[in-house]
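Undergrad: How does the following fold in three dimensions:
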Amino acid sequence: MTQPIRESDILFPHQSNTPSLSTTLSTLRRSTLSLQNRLSSITFDSLFVTSVASAYDLPLVANERCGSWYIPPAQKEGSVYFKSTDGHMGQWKFSLRRLNLQLLDVVAERGGAVVVDSTRRGKSMPDALSKTVPVWCAVVNRAVFGESGGDGERARLHVPPSAVGESEKVQMEGMIEGFVKQFVEICKPHIPGLRAKLTKPLRPIWVTQASSLPSTPPSFPDFHPIVLCTASRRVQGAEISENGYIQGAADDHEAWSHGLTPQLFWRNKEFLMNTTQDDAPRVIEKLIAESDGGIATTTLINPTKNLYISTSENVDLTNFDAVFACTPTPHLFGDSKAKGPKHYLHLKCQTGKLGSRDLRTQLPRLPYLLTSLPSLSSSKILVCCPTGKDLAVGTALAILCLAADDQGNMNGQFRTEAITKDFIKQRLSWITTSNPALNPSRATLQSVNTMLFDTRIQQQPSPSMTDTSTTPKNPSHANTHDKPPPKISIQEQIFTSLYSSSQPWQFSRTLSSVLPTHPSGRVTGTATFTPCKTDTGVPTLLYAEEGEFVLENGMRFGVKRRYVYLLRAGEAEEEEKYIAVHFFDDEKTSKTEITHGVGGNGEAIGDLFVEMDTLHFCSELHDQNNDATTTITNNTNKKEFYKANNKQQHLCAEDLYTASWKFSAGMVGRVEQEQAGKEDGGDGGDVWWEVRYDVKGPKKDYSSCTVYTLA
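TA: Here you go, the predicted structure:
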């Protein structure tokens, strides 16, 4: 008789040999996101992209770096760099570093363009197409045509209603004027030249794989169409349910491409599509090794006529009068001097971040070669580095700042005026507009700024300087000049204005609560800012206020509050300093010997509350009779101020805080005005500022608006 099976008779697999559910899901996801599935998805999406170009009879332009994967090289008309981060909620930005004005050349020639990009699952289109490009179109339209126009079309902001709500659109529209002001004043575009390219305004049109394409190419008599094409189909849920299709397959290609480039992919597409997943890395490595880069392409930096940038590999140096090589080792020209340029300067720099550091010590040698050239304006100059996108760009930027006038002419005269960050941004925009791929690293820009902001440029002869034809001129006549310190940013000026007055600030705060459980009323009182010295080295102000809170029911009681204001450096070199507001830690003061300030080590600086984002210039017309925005009459004044939102909303327990600030134009430059003996605080003389907090949570729904004026 057969014995019944007991538990001890069953052989269970050991846990070490049994993958967990998370491991199994990760394996499935990796197989779904395989290289083969990515290339197959890119190929599928590219068919849609080319059909859009045919439907509108417009050229294809890639929004780098994702867009180039979806466009066959023979059909690619150009490239642009519109970042999605410039379109994130509350972070809208018109980039002064990536002007993308080269797109206007395509529009002028073909009447419009199809800009191609994609995004990963979870969104129907990238923020670059739904918000960054529309803001760019509105800024360019207003800069070129002004706000005039029969129906206001030329100045209007157009966004896709399916992706951008009405509230967000209104906030974006409120920033356009400030963006235009920055664009015109800092970048100094040649408006007549732009107007010659645009006979009518730009207008974005959005196309996805869910859109219906026109059967015949439509005409657009009233505007130049910028068709914003999202290449990928939107995936609902996980990719594992899509039979291998990957939304936004080309995104973040560094993580999956094994060094494959869009050009190499399209050149070997059929071969790669028939390669197995296991063989793909080896095949790609072989293709890269066998690929012939050919002669390196050089980029002319407009509006100059003689300054070029390229990679140092496979570059023909014989066509140039002078070469600046930012490389670990100099080029070898052999025995024949005819093979090299007449003037060659080797700026010894390693690759990567170490090279950016080396550049800081090499850049002061630039003026020696510049002054040694027989004619700077007629000499053809090349700047090169291993990538052609970093060290060479930084060196060319330094040359533009030192030796080029506002029209791009280099006549041998070094700049004697102060070099500011805005000036450097304007010159950098020349480079990025000439070639959007020329985008230097933060470390390289720091090295350039250090050299340009130095009080005196060293111009000593260098042993690495080689003249292959004649002896250079005596550099002793090269210009050296003292430059005043660079202009401080708007937030730095405001930070200084907060504490520079001998008088306290008077404030009036209005609290309006939707819920009856939270009080509404008005607070009036005085506030002071006290500079505090700490070992952190960060400029610090202790904010302290005292006042009286009057509730709507007439009850009164005293209030006191303290915060800590810090002036922090931006994360990137090109970013200006910004103001951060921290809580004041009362518990730390009771446990230490702090009797005033925030402590030598900043012990009383509590957690971060809010950070101030970029300030934008605004102006409104206010009626003196009713203080309402109105049309221009004899009783209206123009109210000018700077406005900023918080970088991120502050989450406190279950409550979400949103902050915004306004600072009168008189707050900017007030210290300099007072030092010059002027009593008013700048334009208009009004000195005031305002901060508003909107708080929402399960038990809170109120706004707090505080206006500060000087007594």
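
Undergrad: ok, L47 - contacts?
TA: By C-beta atoms under 8 Å, 6 or more residues apart in numbering, the contact set of L47 is empty. C-betas here are computed from N, CA, C, even on glycine.

Undergrad: ok, now which ones touch F641?
TA: Contacts of F641 by C-beta under 8 Å, 6+ apart are F617, C618, S619, K662, F663, S664, A665.

Undergrad: Specify the local secondary structure of it.
TA: Secondary structure assignment for F641 (DSSP: H, G, I helix; E, B strand; the rest coil): strand.

Undergrad: Please, which helix or strand holds A108?
TA: helix 102-110 (DSSP states H and E).

Undergrad: oh, I was asking about A644
TA: Going by DSSP H and E, A644 is part of strand 636-645.

Undergrad: got the buried residues for that strand?
TA: For strand 636-645, the neighbour count (16 or more other C-beta atoms under 10 Å) marks T636, K639, E640, F641, Y642, K643, A644, N645 as buried.

Undergrad: Tell me the one among these nearest to F271.
TA: For the buried residues of strand 636-645, the closest approach to F271 (C-beta to C-beta) belongs to N645, at 50.9 Å.

Undergrad: gap between the closest one and G697?
TA: Look at N645 and G697: by C-beta to C-beta, to the nearest Å, they are 19 Å apart.

Undergrad: Would you map the helices across the stretch 51-200 of the chain?
TA: 102-110, 127, 133-145, 166-182, 191-197 (DSSP state H, counting those that start in this stretch).

Undergrad: which residues touch the third one?
TA: The set of residues external to helix 133-145 that reach it, using C-beta under 8 Å, 6+ apart, is 82, 86-87, 92-94, 100, 104, 115, 154-159, 172-173, 175-177, 179-180, 183-184, 189, 191, 194-195, 198, 201-204, 226, 228.

Undergrad: coming back round to it: for R556, find the nearest of the helices of the stretch 51-200 of the chain.
TA: helix 166-182 (36.4 Å).

Undergrad: what about the stretch 101-250 of the chain, any weak spots by pLDDT?
TA: Where the stretch 101-250 of the chain drops to pLDDT under 70, the residues are 148-154, 237-242.

Undergrad: And the stretch 551-700 of the chain, by the same measure?
TA: 571-575, 588-596, 620-638, 669-685.

Undergrad: at 80 instead, please
TA: 570-576, 586-596, 600-601, 619-639, 650-654, 668-686 (pLDDT under 80).

Undergrad: what ranges do the strands span in it?
TA: 556-568, 578-584, 605-611, 616-623, 636-645, 650-652, 655-664, 688-696 (DSSP state E, counting those that start in this stretch).

Undergrad: how about the helices in the stretch 351-500 of the chain?
TA: 352-362, 366-372, 391-403, 421-434, 442-453, 490-500.

Undergrad: per-residue confidence averaged over the fourth one?
TA: Per-residue pLDDT values across helix 421-434 average out to 90.

Undergrad: Could you look up the SS state of N37?
TA: helix.

Undergrad: buried sites along stretch 252-266?
TA: Within stretch 252-266, the residues that qualify as buried are H253, W256, S257, H258, L260, T261, P262, L264, F265, W266, counting by 16+ other C-beta under 10 Å.

Undergrad: so how far is L198 from the nearest residue to K197 once chain neighbours are set aside?
TA: Nearest residue to K197 in three dimensions, chain neighbours excluded: A108, at 3.8 Å (C-beta to C-beta, 6 or more residues apart in numbering). Distance, A108 to L198, using C-beta to C-beta: 7 Å.

Undergrad: Mind checking which of those two has more residues around it?
TA: Neighbours were counted for A108 and for L198 using other C-beta atoms under 10 Å; L198 has more, 18 against 14.

Undergrad: Following the record's annotation, map out the domains of this protein.
TA: If you go by automatic domain parsing, the domain ranges for the chain are 34-256, 299-477, 490-710.

Undergrad: Out of the helices of the stretch 351-500 of the chain, flag the one nearest Q649.
TA: helix 490-500 (19.7 Å).

Undergrad: now that closest one against strand 578-584, angle please.
TA: For helix 490-500 against strand 578-584, the angle by axes from the mean of the first three to the mean of the last three C-alpha atoms, to 10 degrees is 50 degrees.

Undergrad: What strands flank the helix or strand just after helix 490-500, and is each parallel or antiparallel?
TA: Note on helix 490-500: by DSSP H and E, the next helix or strand toward the C-terminus is strand 505-513. Next to strand 505-513 in the sheet, as set by DSSP bridges, lie strand 521-532 (antiparallel), strand 701-710 (antiparallel).

Undergrad: Could you dump these into JSON lines with mean pLDDT and mean neighbour count added?
TA: Output for the strands paired with strand 505-513, formatted as JSON lines (pLDDT from 0 to 100; neighbours: other C-beta atoms under 10 Å):
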{"stretch": "strand 521-532", "mean pLDDT": "92", "mean neighbour count": "16"}
{"stretch": "strand 701-710", "mean pLDDT": "93", "mean neighbour count": "17"}
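
Undergrad: Could I get those in JSON lines, plus columns for distance to A569?
TA: Shown next, in JSON lines, are the strands paired with strand 505-513 (distance: least, C-beta to C-beta, whole Å):
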{"stretch": "strand 521-532", "distance to A569": "18"}
{"stretch": "strand 701-710", "distance to A569": "26"}
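
Undergrad: Out of those strands, flag the one nearest A404.
TA: That would be strand 521-532 among the strands paired with strand 505-513, by C-beta to C-beta, at 40.6 Å.

Undergrad: Touching, Y308 and T297? I think so.
TA: No: with contact defined as C-beta atoms under 8 Å, Y308 does not reach T297; the gap is 9.9 Å.

Undergrad: okay, these two: which has more neighbours?
TA: More neighbours surround Y308 than the other of Y308 and T297, with 22 against 13 (other C-beta under 10 Å).

Undergrad: re earlier: now do the contacts for the residue nearest to K197.
TA: Per C-beta under 8 Å, 6+ apart, neighbours of A108: A196, K197, L198.

Undergrad: so which of those would you say is closest to W69?
TA: K197 (28.5 Å).

Undergrad: isn't the closest one right up against Q102?
TA: No: with contact defined as C-beta under 8 Å, K197 and Q102 do not form a contacting pair (10.8 Å).

Undergrad: quick one: Y308 is in a strand?
TA: Yes: assigned with three-state DSSP, Y308 falls within a strand.

Undergrad: Next one: it from E546, what distance?
TA: Per C-beta to C-beta, Y308 is found 64 Å from E546.

Undergrad: How about G340?
TA: 74 Å.

Undergrad: Out of the two, name the residue with the larger neighbour count.
TA: The neighbour comparison of G340 against E546 (other C-beta under 10 Å) goes to G340, with 19 against 13.

Undergrad: Can you verify my assumption that L99 contacts W430?
TA: No: using C-beta under 8 Å, L99 is not in contact with W430; the gap is 9.1 Å.

Undergrad: residues in contact with stretch 168-183?
TA: 89-90, 92-94, 96, 99, 131, 135, 138-139, 142-143, 155, 157, 159, 164, 189, 616-619, 643.

Undergrad: From those, list just the buried residues.
TA: For the contacts of stretch 168-183, buried by 16+ other C-beta under 10 Å: 92-94, 96, 99, 131, 135, 138-139, 142-143, 155, 157, 159, 164, 189, 616-618, 643.

Undergrad: among the domains of the chain, which is nearest K286?
TA: domain 34-256 (14.8 Å).

Undergrad: of the contacts of A108, closest to T395?
TA: Nearest to T395 among the contacts of A108: K197, at 30.2 Å, using C-beta to C-beta.

Undergrad: and that closest one, how many neighbours?
TA: 16.

Undergrad: ok, it to N435 distance?
TA: 18 Å.

Undergrad: Pipe the contacts of A108 into TSV and attach distance to Y70 per row.
TA: As requested, the contacts of A108 are exported to TSV (distance: C-beta to C-beta, whole Å):
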residue	distance to Y70
A196	32
K197	26
L198	27
